[in-house]
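> what shape does this take:
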Amino acid sequence: MASENLEQAIARAGGPVELLRNTDYPAYTFPVAPEFTNWRSEQRSWAESVAVLDLSHHMTDLVMRGEGLVELLSSISTNTFENFRPMVAKQMVGVNHAGFVIGDGILFNLGDEGVDLVGHHLLIDWVRYNIERSGLAIETQLDGNSTVREGPPIFYRYQLQGPRAPEVLEKLLGGPAPSIAFFHIGEFEIAGRRVRGLRHGMAGQPGFEFFGPYADAPTVLDAFLEAGADLGICRVGAKAYSSTPLESGWVPTPLPAIFGDELRAYREWLPAARAGSLAGSLFSERIEDYYLTPFDLGLGRSVRFDHDFVGREALERVADRPSKRKVTLIWDPDDVASVVKSQLTPGTPAKFIDFPKSRYGLYQFDAVLVGDERVGVSTDCGYVTFDQLYMSLACVDEAFAESGQRVEVLWGEDPISRKAQVEAHRQVRLRATVAPAPFHEYARSAYRGIQR
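Here you go, the predicted structure:
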């Protein structure tokens, strides 16, 4: 029997919101050790010393080669490709015809080895679909993450970052690390192995994302750990790693805007099992109420009108007057504590708040309120040990986006969905204060200052 496609699943469920709210598809998992020491110390390491984060297992790779590839990618990407050349990467953003985000990922130009799109499957599926229907002779190699793949990945990926990361590199290279621009790729020799490194940071701190053939992974990892032994180097497990977007200001999984009539053929191509699940207090029968533009998500730097692409006309209409802004919400500590206390006292508790992350679906959408007015949505939420703050990334109306603005996060579902991840609970309002995103000044300036 053929597997169910997304369009069939929507028809069976009675609509996309009904399907996604009640699908047992857990929040994104990271198939590495949960902790190597403890997640609190591991979180602090990238702010205070140096951290090694293993990115080898949780992301999907799509390696592509062939004539016409760049032109095709350009036609479905908001990004400019004028500056896309070997040893350069970019954060590719794909949108639908109305300018709402389908997904984003990191596009590596590896020269003769092809172009590698790395990230969640959401954008990768959209790219694969467009390649298949293009008729172009483009070769693709799909390498799923370690929860679905048999055998090892193509590449290892290790993020080395933190204030002492340059010292580790200096010891490994026998001298200062070369100056490499943000989102450019350098070549190194580490422990006798050829290693490439993307100048990039996963938690808003200085660092590199090193990658190479997976067979070299143990040798390279051992070299990092040995070089950083007296510098406080720390391996980071899945729990701490999952919180990195809170500091880098990247919203990991916006709901893909693929449910309009114009994308019916795509939904008929896409297996329902890849659709994901919707969690949170925002409840609307209109799937469009969950859509976000690149400008809403702080990805406006990746929108360039120097080429034709799907959604261009729609984005041109809002580019100079975006209605929402990405911010950080600092949750009130007393209100967070009251949710925890509700688990320990008689009566129906509030929705469980987990540490360090509290997403319970692939797409987390909690309503942000001022009085009875909904002024935005809160997405990724969790605890940051270095700042001792519970926070979330949110997209709020411009009128309420200034730092210091007081809002409330509506926490918990009503009606309660049928997802296995959701227990009986009651909704509560949690006070929060608007702050910039990314939260730390370094991440807002030096780390993300370069347009690409």
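
> residues of stretch 337-350 that come out buried?
For stretch 337-350, burial by neighbour count (16 or more other Cβ atoms under 10 Å) applies to 339, 342, 349, 350. All C-beta atoms are positioned from the backbone trio N, CA, C, and that covers glycine.

> and the first one, how far from residue 280?
Just to be clear, that refers to residue 339. Residue 339 sits 15 Å away from residue 280, going by Cβ to Cβ, to the nearest Å.

> repeat for the second one
Counting by Cβ to Cβ, the gap from residue 342 to residue 280 is 18 Å.

> make JSON lines out of the buried residues of stretch 337-350 and add distance to residue 10, pLDDT and secondary structure.
Putting those into JSON lines (distance: Cβ to Cβ, whole Å; pLDDT from 0 to 100; DSSP: H, G, I helix; E, B strand; the rest coil) gives the following:
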{"residue": "339", "distance to residue 10": "33", "pLDDT": "98", "secondary structure": "helix"}
{"residue": "342", "distance to residue 10": "35", "pLDDT": "98", "secondary structure": "helix"}
{"residue": "349", "distance to residue 10": "33", "pLDDT": "98", "secondary structure": "coil"}
{"residue": "350", "distance to residue 10": "31", "pLDDT": "98", "secondary structure": "strand"}
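
> strands of the stretch 51-200 of the chain, start to end?
Using DSSP state E, counting those that start in this stretch, the strands found in the stretch 51-200 of the chain span residues 60-65, 89-95, 101-109, 115-119, 139-143, 155-161, 185-190, 193-199.

> ok and the last one relative to strand 185-190, angle-wise?
Right, strand 193-199. Orientation check (axes from the mean of the first three to the mean of the last three Cα atoms, to 10 degrees): strand 193-199 against strand 185-190 gives 140 degrees.

> skip ahead from strand 193-199 and say which helix or strand is next.
Counting by DSSP states H and E, the next helix or strand C-terminal to strand 193-199 is strand 207-213.

> centre of the chain versus that next one, how much separation?
18 Å (Cα atoms, centre = their mean, to the nearest Å).

> partners of that strand, with directions?
Partners of strand 207-213 in the sheet, by DSSP bridges, are strand 155-161 (antiparallel), strand 193-199 (antiparallel).

> what about whatever helix or strand comes next after that strand, average pLDDT?
Helices and strands here follow DSSP H and E; after strand 207-213, the next one along the chain is helix 217-227. Averaging the model's pLDDT scores along helix 217-227 yields 98.

> buried ones in helix 217-227, by neighbour count?
Buried residues in helix 217-227, counting neighbours by 16+ other Cβ under 10 Å, are found at 217, 220, 221, 223, 224, 227.

> what do you get for stretch 272-287?
272, 275, 276, 277, 278, 279, 280, 281, 282, 283, 287.

> tell me if I'm right that the second one and residue 6 touch.
Looking back up the chat, that one is residue 275. Yes. Judged on Cβ atoms under 8 Å, residue 275 makes contact with residue 6 at a distance of 5.2 Å.

> gap between stretch 386-396 and the chain center?
Distance, stretch centre to chain centre, for stretch 386-396: 15 Å (Cα atoms, centre = their mean).

> sorry, slip of the keys, the one I care about is stretch 146-154.
Stretch 146-154 sits 20 Å away from the centroid of its parent chain (Cα atoms, centre = their mean).

> in the stretch 351-452 of the chain, what spans have low per-residue confidence?
Along the stretch 351-452 of the chain, the model assigns pLDDT under 70 to residues 442-452.

> ignore the last one, the stretch 151-300 of the chain
For the stretch 151-300 of the chain (pLDDT under 70), the answer is 201-206.

> mind giving me the domain split of this protein?
39-58+152-248, 279-447 (automatic domain parsing).

> right, so these: which one is the most enclosed?
Of all the domains of the chain, domain 39-58+152-248 has the most neighbours on average by mean count of other Cβ atoms under 10 Å, namely a mean of 20.

> ok, now which ones touch residue 82?
Each residue near residue 82 by Cβ atoms under 8 Å, 6 or more residues apart in numbering is listed here: residue 306.

> any idea how far residue 88 is from it?
For residue 82, the distance to residue 88 - Cβ to Cβ - is 11 Å.

> compute the number of surrounding residues for the closest residue to residue 143 other than its chain neighbours.
Nearest residue to residue 143 in three dimensions, chain neighbours excluded: residue 61, at 4.1 Å (Cβ to Cβ, 6 or more residues apart in numbering). Applying other Cβ atoms under 10 Å, we find 22 residues neighbouring residue 61.

> indicate which one of the strands paired with strand 207-213 is closest to residue 251.
Evaluated over the strands paired with strand 207-213, closeness to residue 251 peaks at strand 155-161, with 18.8 Å, by Cβ to Cβ.

> just how off-centre is the closest one within its chain?
Chain-centre distance of strand 155-161: 16 Å, with Cα atoms, centre = their mean.

> how about stretch 178-194?
In terms of Cα atoms, centre = their mean, the gap separating the centre of stretch 178-194 from the centre of its chain is 24 Å.

> first to last residue in that stretch, what's the distance?
For stretch 178-194, the first-to-last residue distance is 15 Å (Cα to Cα, to the nearest Å).

> nearest residue to the middle of the chain?
residue 252 (2.2 Å; Cα atoms, centre = their mean).

> for it, helix, strand, or coil?
Using DSSP: H, G, I helix; E, B strand; the rest coil, the secondary structure recorded for residue 252 is coil.

> where along the stretch 251-400 of the chain do the helices fall?
Under the criterion DSSP state H, counting those that start in this stretch, the stretch 251-400 of the chain contains helices at 264-269, 312-318, 333-342.

> of all the ones you listed, which lies closest to residue 25?
Of all those, helix 264-269 sits nearest to residue 25, with 16.1 Å by Cβ to Cβ.

> how far is that closest one from where the chain is centred?
Relative to the mean C-alpha coordinate of its chain, helix 264-269 is positioned 24 Å out (Cα atoms, centre = their mean).

> CA-only coordinates of that helix, as PDB, when you get a sec.
The C-alpha trace of helix 264-269 is given here as PDB (Å, rounded to 0.1, in the frame of the first residue of the first chain):
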ATOM      1  CA  ARG A 264      -1.500  21.300  -4.100                       C
ATOM      2  CA  ALA A 265       0.800  19.400  -6.400                       C
ATOM      3  CA  TYR A 266       3.600  19.800  -3.900                       C
ATOM      4  CA  ARG A 267       1.400  18.400  -1.100                       C
ATOM      5  CA  GLU A 268       0.500  15.400  -3.300                       C
ATOM      6  CA  TRP A 269       4.200  14.800  -3.800                       C
END
